[in-house]
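**Student:** The sequence and its predicted three-dimensional model are supplied below.
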Amino acid sequence: MTTTEARGGLDKALLSSLAKAVRGRVAAYVVVIVAAFVGGGMAVALVGGAVVTVAVAVVLGFVMSGFINAAHDCVHSSHLRSKRANRIMGAAWCTPLLLNFTNYRYDHLVHHRFTGVPGDTERPKQFHTLRSYLYSLSAIAYWRYNARTIARTWRNEFPASVNKDDRRRDSRADNVAICAWLVLAVVLTWFAPHVLLAVYWLPLLISAVVMRITGLPEHYGLWGVPEIERNTRTVRSNALFRLVLWNGNYHAEHHRYPAVATLNLHRLHKAMPEPHPIQSDSYLGFHIGLVKSLNVTRRAPAEPDQS
Ligand SMILES: [Zn+2]
C-alpha cells in the first residue's frame, strides 16, 4: 500500500473527498421531497378519486422509504457537516417513520462493529418458508418494535447501546418528538382525512414494506463470518431506485467505508479497484432468487442470488 492509497487500494484523496457531506445535494433532495408531499396533497385535495389517492400514496411511500437512508447518513455523521446538524436531521428523517433516531443510531454503530457475528444488533435472517418471508415483508415486526420502543422509552428503558446519560436524554427527546408528531398527524387527519390518508398514513405503511424489501438483501443468508467481503451484499439496482434510496443500495461499499456520504456511494462503487464479491443486479432479482431458494433452504442453507 502506498501513502496515497487507503485500505483496499483506493486513492486517499478520493476517499476523503467522498467522505465530505454534500450539503447542496442534500438541500436539493429536501426541496424535491417537500414539493412531492405538497404536490401530492394538492392533487388529492383538488382532483381526488381513488386512482389519484392510490397513485399519490404509492409514490410518496417509495419517497418515504428513502428517509431511513438519509437518517442512516446522519448516524455516520456524513449527511451534514456538524454533529448537531446530523443529530437534528437524523431525528427529522426518523420521526415521520415513528422510529427513535437515537436508539437506531447507537444500535446501528454496534451493528457495524459486530456485523454478522454474535453481538450484532441485527438478527440473522434466513427464511425457510414462504410464510415467514411474507411475514417479514409485511413489516408487522417493525411496527411492534416501534410501539414497544415508544412505551419502553416512557418507562426509561433503553437498548443496551443507549448506555450513557446524554444518549438516554436524546432518546427521550426523540420519543417526545414521535408522540407529538403522532398527535399532530391525528389532529390533521380529523380535519382532512382523505388528504392525510394519501400523503401520510398509506405512504407510512408502504414505506415500511419497501424498507423491508430493500433492507433484507443487505446481509441476508450471510450470517456467521466477520469479513465484509463475505457478510454484506450490494444491490446495483437502477438509477430511479438509487435516487429514491439515496444510493443506500451500495451497502457493501458503505460497510467498507462508513464515512463516505450516502449520496457519494455510487461514485465509490465505480471507483472500487475490485468489485465487491457479493452483488445482485436488482431487488426484484434478489427476491425472486430468495423465494426460489425457500424449498432448498429447508434442507440446506443456500445463497439465493449471486452474480
Ligand atoms: Zn451504516
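**Tutor:** It's in.
**Student:** For the rest of this, base every contact and every neighbour count on C-alpha atoms.
**Tutor:** Noted.
**Student:** Report how far apart the opening and closing residues of stretch 110-125 are.
**Tutor:** End-to-end distance of stretch 110-125 (Cα to Cα, to the nearest Å): 17 Å.
**Student:** swap in stretch 251-260?
**Tutor:** 11 Å.
**Student:** which helix of the chain spans the most residues?
**Tutor:** Assignment by DSSP state H gives helix 165-191 as the longest helix of the chain.
**Student:** buried ones in it?
**Tutor:** Across helix 165-191, burial judged by 16 or more other Cα atoms under 10 Å covers 167-168, 170-178, 185, 189.
**Student:** Phi and psi next, for residue 279.
**Tutor:** phi -140, psi 150 (degrees, to the nearest 10).
**Student:** Quick check: bridge partners of it?
**Tutor:** Counting by DSSP bridges, residue 279 is bridged to residue 234.
**Student:** What is the helix or strand encompassing residue 284 packed up against?
**Tutor:** Of the helices and strands defined by DSSP states H and E, residue 284 is found in helix 283-297. The contact analysis (3 or more Cα pairs under 8 Å, 6 or more residues apart in numbering; DSSP states H and E) places helix 283-297 against helix 202-215.
**Student:** If I take the helix it packs on and helix 283-297, what angle do their directions form?
**Tutor:** 60 degrees (axes from the mean of the first three to the mean of the last three Cα atoms, to 10 degrees).
**Student:** what's the average pLDDT for helix 202-215?
**Tutor:** Helix 202-215 shows an average pLDDT of 98 in the prediction.
**Student:** try stretch 238-246
**Tutor:** The model assigns stretch 238-246 a mean pLDDT of 96.
**Student:** Also stretch 106-116?
**Tutor:** For stretch 106-116, the per-residue pLDDT averages 96.
**Student:** And it, what's buried?
**Tutor:** 106, 107, 108, 109, 110, 111, 112, 114, 115, 116.
**Student:** In CSV: these, plus distance to residue 252 and secondary structure.
**Tutor:** Listed next are the buried residues of stretch 106-116 as CSV, based on distance: Cα to Cα, whole Å; DSSP: H, G, I helix; E, B strand; the rest coil:
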residue, distance to residue 252, secondary structure
106, 20, helix
107, 18, helix
108, 15, helix
109, 15, helix
110, 16, helix
111, 13, helix
112, 11, helix
114, 15, coil
115, 11, coil
116, 13, coil
